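**Student:** This is a predicted model, with the sequence first.
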Amino acid sequence: MKLGSKTYQTAILLVAIICAVIFGPSCLCADTKKADKKQIDLQYCLETARANNPQLNAARYRMLSARDAVAEARAKFFPSVGAFTSYDRNYYEDTGEYDSYSSGFTFTQPIFQGGKIWQNYQEAKRELEATKEEYLTVLINVVQDVSNNYFKTLEQKHLIRVNEDNLKSARYHLDCLLYT
């Protein structure tokens, strides 16, 4: 059975339209008009990612911990003050009970520990710089990923519109072929 040229073109166009409807992006996003009303900008996406990304939060907390370690290492250079109290009750056979109270203050100033305090302080500062770099690296990666995904999403939305326009055009051409 030989099909005519016009019938063959109509059949091909009909198959193309059916494939576009079945596999097209219009099935993936049925509420495209509702989605267009809720336009989310890149700045909002970046702020949300900065606030909620677990890797970024972990890097931020490591950086804060390293900053506290620097303050702790710096504190070792300064004197430390302490207070103490104690109480003992002793019993001696010849004198009886004996209560002993003591209290006092301590003041300690490290003078020389072979460079240990200075070395610990320098190590804490290097660790802080390393965690700052790690935080910046994670932040750059998060910003890059969010930006890439945002623009891919915009591209996909645009392609949906293009495919919908193509579908309308194909329907129009099919109608023209069927009614001519």
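**Tutor:** All right, it came through fine.
**Student:** The helix or strand where Glu97 lies pairs with which strands, and in what direction?
**Tutor:** Using DSSP states H and E, Glu97 sits in strand 96-108. Strand 96-108 has its sheet partners listed here by DSSP bridges as strand 80-92 (antiparallel).
**Student:** now the partner strand, how far from the chain's geometric center?
**Tutor:** Chain-centre distance of strand 80-92: 52 Å, with CA atoms, centre = their mean, to the nearest Å.
**Student:** contact partners of that strand?
**Tutor:** Applying CB atoms under 8 Å, 6 or more residues apart in numbering, the external contacts of strand 80-92 come out as 97-109. Using the backbone N, CA and C atoms, a C-beta is placed for each residue, glycine as well.
**Student:** and what of stretch 112-123?
**Tutor:** Outside stretch 112-123, the residues that touch it by CB under 8 Å, 6+ apart are Val70, Ala73, Arg74, Lys76, Phe77, Pro110.
**Student:** how about 6 Å then?
**Tutor:** Applying CB atoms under 6 Å, 6 or more residues apart in numbering, the set of residues contacting stretch 112-123 from outside is Ala73, Lys76.
**Student:** Using CSV, write out every CA atom in that stretch.
**Tutor:** What follows is stretch 112-123, C-alpha atoms only, in CSV (Å, rounded to 0.1, in the frame of the first residue of the first chain):
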residue,chain,number,x,y,z
PHE,A,112,59.9,30.5,80.3
GLN,A,113,58.7,27.2,78.9
GLY,A,114,61.1,26.8,76.1
GLY,A,115,59.0,28.5,73.5
LYS,A,116,56.1,26.2,74.0
ILE,A,117,53.5,28.9,74.6
TRP,A,118,54.7,30.9,71.6
GLN,A,119,54.7,27.8,69.4
ASN,A,120,51.1,26.9,70.4
TYR,A,121,50.0,30.4,69.7
GLN,A,122,51.5,30.4,66.3
GLU,A,123,50.0,27.0,65.5
